[in-house]
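# kindly generate the corresponding structure for this input.
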Amino acid sequence: MARCLVVDDDELGRELIAHYLEEVAECDMAENGLEAVEKFRDAFEGGIPYDLIILDIVMPEMDGHTAAKEIRLIEKGWGVTANEGVTILVLSSLHTPQDVIQSYISARSAAHLVKPVQPEKLLNVLSQLGINSQQK
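Numbers count the residues shown, from 1 in each chain. Down below sits the predicted model:
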């Protein structure tokens with residue numbers, strides 16, 4: 001199964017995403033960007049890196065854009081190239097064209113889904129990204 005980090009300041013939102021993914025991923029959770037960066041670093045250094053990060057943008061303490069930039073800097077420091085980095089899927093209530101473009105640029109995200117996300121749509125996007133229950 002894929003390893004996923006679900007990052008959202010809304011506890012119910014995190015739990016719903018984890019529930020939607022229970023057939024395809026083992027999910028850890030973080031409630032803000034600071035916690036996400038710490039968990040990402042710990043998982044990578046522990047030899048059990050995440051395959052996927054589902055990242056909200058608007059959060060207290062550290063927003064999703066900043067967290068994604070920090071994660072990409074950590075990867076760069078470890079010699080991980082852009083095409084080898086963790087897959088980031090942005091999940092946000094922000095959905096103007098500018099918001100979507102910003103998430104692709106700042107997070108180098110693979111996809112942007114608008115809240116509330118339907119489970120079928122989320123699973124379809126993950127399948128398109130090659131993340132499924134067969135991944136280790």
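# which parts of the helix or strand where Glu120 lies are buried?
For Glu120, the host element (DSSP states H and E) is helix 119-128. Buried residues in helix 119-128, counted by 16 or more other Cβ atoms under 10 Å: 122-123, 125-126. (C-beta placed from N, C-alpha, C; glycine too.)
# one more: stretch 83-90?
Under 16+ other Cβ under 10 Å, the buried positions of stretch 83-90 are 85-90.
# likewise for stretch 8-20?
8-9, 13-14, 16-18, 20.
# what's that stretch in contact with?
4, 6-7, 27, 29, 31-32, 54, 56, 58-60, 91, 115, 117, 119, 122-123 (Cβ atoms under 8 Å, 6 or more residues apart in numbering).
# before we move on, the earlier item: roughly how far is the helix holding Glu120 from the heart of the chain?
14 Å (Cα atoms, centre = their mean, to the nearest Å).
# picking that back up, out of the buried residues of helix 119-128, what pair is the most spread apart?
Leu123 and Val125 (7.4 Å; Cβ to Cβ).
# shared neighbours of those two, anything?
Contacts common to Leu123 and Val125, judged by Cβ under 8 Å, 6+ apart, are absent.
# from the contact counts, what lies against the worst-scoring helix or strand of the chain on mean pLDDT?
Within the chain, no helix or strand scores below helix 97-107, which has a mean of 72 by mean pLDDT, DSSP states H and E. Other helices and strands packing on helix 97-107, by 3 or more Cβ pairs under 8 Å, 6 or more residues apart in numbering; DSSP states H and E, are helix 64-77, strand 87-92, strand 111-114.
# could I get the buried residue list for the shortest one?
Of the residues in strand 111-114, those buried by neighbour count under the rule 16+ other Cβ under 10 Å are 111-113.
# identify, from those residues, the entry nearest to Gly79.
The closest of the buried residues of strand 111-114, once distances to Gly79 are taken by Cβ to Cβ, is Ala111, at 25.3 Å.
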